[in-house]
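Asker: Coordinates for the following, if possible.
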Amino acid sequence: EVQLVESGGGLVQPGGSLRLSCAASGFTFSMYAMAWVRQAPGKGSEWVSSINYSGDPQTYAETVKGRFTFSRDNAKNTLYLQMDRLDPEDTAVYFCATNLLTRPYWGQGTQVTVSS
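Answerer: Numbering: from 1, shown residues only. Model (predicted):
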């Protein structure tokens, strides 16, 4: 069974940092590209970043480029999203995701709230 489990969300002040993690299981993690997607209250989902199966390259949405860093540890089957200089506009539920044989899989998400 494919499982994606996010963690690391929370409440942070504007300008602060958080690091999200996503633990993957049930598939050969090191063979697949992965992504982070977020959904803000009352809005649709927004792609945040993608990473190649090897960890390089990464691509980022313009809204997070230069502030977020996506990495992966294939030995640990884990993704990381380092988020710096957070802004209230970054408030959302963050999901890690992948496509396996054209079927999408998402985790349950972790809430990130940026507020003073």
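
Asker: The closest residue to residue 84 other than its chain neighbours: how many residues sit nearby?
Answerer: Nearest in space to residue 84, with sequence neighbours left out and distances taken as CB to CB, 6 or more residues apart in numbering, is residue 17 at 4.7 Å. (Glycine included, C-beta is placed from N, CA and C.) Neighbour count of residue 17, defined by other CB atoms under 10 Å: 11.

Asker: what's near enough to touch residue 17?
Answerer: Residues near residue 17 by CB atoms under 8 Å, 6 or more residues apart in numbering: 82-86.

Asker: Look up phi and psi at residue 38.
Answerer: phi -130, psi 160 (degrees, to the nearest 10).

Asker: isn't it right up against residue 45?
Answerer: Yes - with contact defined as CB atoms under 8 Å, residue 38 reaches residue 45; the gap is 7.1 Å.

Asker: The two: who's more crowded?
Answerer: A side-by-side neighbour count of residue 38 and residue 45, using other CB under 10 Å, places residue 38 first with 23 against 14.

Asker: If we ignore the residues flanking it in sequence, what's nearest the more buried one?
Answerer: Nearest to residue 38 is residue 92, by CB to CB, 6+ apart, at 3.8 Å.

Asker: how near is that neighbour to residue 23?
Answerer: Going from residue 92 to residue 23 by CB to CB, to the nearest Å gives 20 Å.
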